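**Student:** got a sequence here, can you build the structure:
(one chain, ligands or ions: 1)
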Amino acid sequence: MNIRHDAHVIGQGRRKVLMLHGWFGHARGWGPMVQHLDTDAFSYAFMDYRGYGHRKGSGGPYTIAQIAHDALALADQLGWERFALVGHSMGGSAIQYVLAEAAQRVQALVGITPVPASGVPFDPEGWAFFSAAAQDAATRRAIIDLTTGRRLTGTWLDAMVRSSLAHSDVEAFAAYLNAWAKTAFVERIQGQTVPVLVVAGEHDPALGEATCRATWLQHYPNARLEVMTNAGHYPMDETPIALVTAMERFLRDVMSV
Ligand SMILES: O=C(O)CCC(=O)CC(=O)O
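**Tutor:** Modelled structure (predicted):
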């Protein structure tokens, strides 16, 4: 394991994979799935966004476009000409923005409970609720509880909130809500033939199977869907072995080495 550039890089494999985290995540916040990765077949680079993880205090811009540009700069630093991208939730929007900017470099996309390229619609009440999360730990906890189907232990919810508070700047967290919910760029990716795996969680109320079918599977002709049973919005914590198995089976299938 080593730290290079703006990323936490593990593995020596010839298949290169950039990992882009979600709103509550950070480069080292991918949970127990990390210990199950095949580090002989793959090299994984886990990137922090501006204002997150070891980039806390960096300042913005806190936008999906900036995440994508930082991801491409990281790939350049690592000497990765072509690579796959895995994005969780907000990271699902960012991996598609990378595709929009540099399709020739992208071998495959894996979206884990991912935000679509159309953004996420909110009613005023929902927007007020999610907006409160930046300043209020209890709201962060309530969102994670809601998006995992209100069925998981409070010990895990509390740990997720602590991790989110410790590893993100409040101003970045606040601004990224606008970024993931309101960045819409379907016209830039619609019809791209890149192989895509979409992983939905059975208990994810907003970004679950129905949303993935209505968005990702309509946008990409070569997209396939896997639904993780016994998972909500965080399969990397809830069903880590099943998630890694599905993800690496797909990537082995579509990435030439
Ligand atoms: O819309 C939802 O269900 C939650 C999305 C979210 O929290 C964003 C993220 O986890 O990156």
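**Student:** what helix or strand is the closest residue to the ligand within the stretch 101-250 of the chain on?
**Tutor:** Closest residue of the stretch 101-250 of the chain to the ligand, Cβ to the nearest ligand atom: Ala206 (3.3 Å). Yep, even glycine has a C-beta here, placed from its N, CA and C like the rest. Secondary-structure assignment from DSSP states H and E places Ala206 in no helical or strand segment.
**Student:** close enough to count as contact, Ala65 and Tyr97?
**Tutor:** Yes: when contacts are counted by Cβ atoms under 8 Å, Ala65 is listed as touching Tyr97 (6.2 Å).
**Student:** list the contacts of Ala175.
**Tutor:** Counting by Cβ atoms under 8 Å, 6 or more residues apart in numbering, Ala175 touches Gly51, Gly60, Tyr62, Thr63.
**Student:** and what of Gly29?
**Tutor:** Gly29 makes contact with His21, Gly53, Ser163, His167 under the criterion Cβ under 8 Å, 6+ apart.
**Student:** in JSON lines: the contacts of Ala175, plus pLDDT, neighbour count and secondary structure.
**Tutor:** Shown next, in JSON lines, are those (pLDDT from 0 to 100; neighbours: other Cβ atoms under 10 Å; DSSP: H, G, I helix; E, B strand; the rest coil):
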{"residue": "Gly51", "pLDDT": "98", "neighbour count": "24", "secondary structure": "coil"}
{"residue": "Gly60", "pLDDT": "98", "neighbour count": "15", "secondary structure": "coil"}
{"residue": "Tyr62", "pLDDT": "98", "neighbour count": "22", "secondary structure": "coil"}
{"residue": "Thr63", "pLDDT": "98", "neighbour count": "19", "secondary structure": "coil"}
